[in-house]
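> Generate coordinates for the sequence data below:
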Amino acid sequence: MAARKRYQVMSLTDAAAGRVQEIMSQADTPPFGLRVGVKNGGCAGMSYTMEMAGAPAPSDEIVEDKGVRILIDPKAVLFLLGTEMDFKVDKLSSGFVFQNPNQTSACGCGESVAITPASPEALAGAA
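Residues are numbered from 1 along each chain as shown. Down below sits the predicted model:
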């Protein structure tokens, strides 16, 4: 029986990967990876979360892209399926930006989004 191909929940642009690697290299203790998720809150209903992780949780989805290890809580997988993380710099600000096909709207503050989870069938199509 052939092994089932794994889907990749998220990807990084070169700019995002470079910035994550730069941040990780400055940590006192090298992190295992970057934990990315979503949480309830904000005026649009949800917000993205990011933190350095010392170790994976047993149920984490682990994605490696462009030399960066991304850890995703299984509860966030359907919200993040197909998401590309970028790092943008303009004259007045810089930060990580998520291009998420499951995002249905965002609030004016730019910190909160509405996300509809992908259907489980999308997982089968991503394989």
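> Please identify which helix or strand holds the residue nearest in space to the middle of the chain.
Nearest residue to the geometric centre of the chain (Cα atoms, centre = their mean): Val36, 4.4 Å. Secondary structure assignment for Val36, by DSSP states H and E: strand 33-40.
> Would you mind pulling up the elements that that strand packs against?
strand 46-53, strand 68-72, helix 77-80 (3 or more Cβ pairs under 8 Å, 6 or more residues apart in numbering; DSSP states H and E). All C-beta spots, glycine's among them, are computed from the backbone N, C-alpha and C.
> at 10 Å instead, please
Here strand 33-40 touches strand 10-12, helix 14-25, strand 46-53, strand 61-65, strand 68-72, helix 77-80, strand 83-89, strand 94-99, going by 3 or more Cβ pairs under 10 Å, 6 or more residues apart in numbering; DSSP states H and E.
> what inclination does the last one have with respect to strand 46-53?
Counting by axes from the mean of the first three to the mean of the last three Cα atoms, to 10 degrees, strand 94-99 lies at 120 degrees to strand 46-53.
> swap in the fourth one?
Strand 61-65 and strand 46-53 meet at an angle of 80 degrees, taking the same axes, to 10 degrees as the criterion.
> Leu78 and Gly37 touch, don't they?
No - here Leu78 lies out of contact with Gly37, judged by Cβ atoms under 10 Å, at a distance of 11.9 Å.
> Go through the strand holding Val36 and flag the buried ones.
Buried positions in strand 33-40, judged by neighbour count with 16 or more other Cβ atoms under 10 Å: 33-38.
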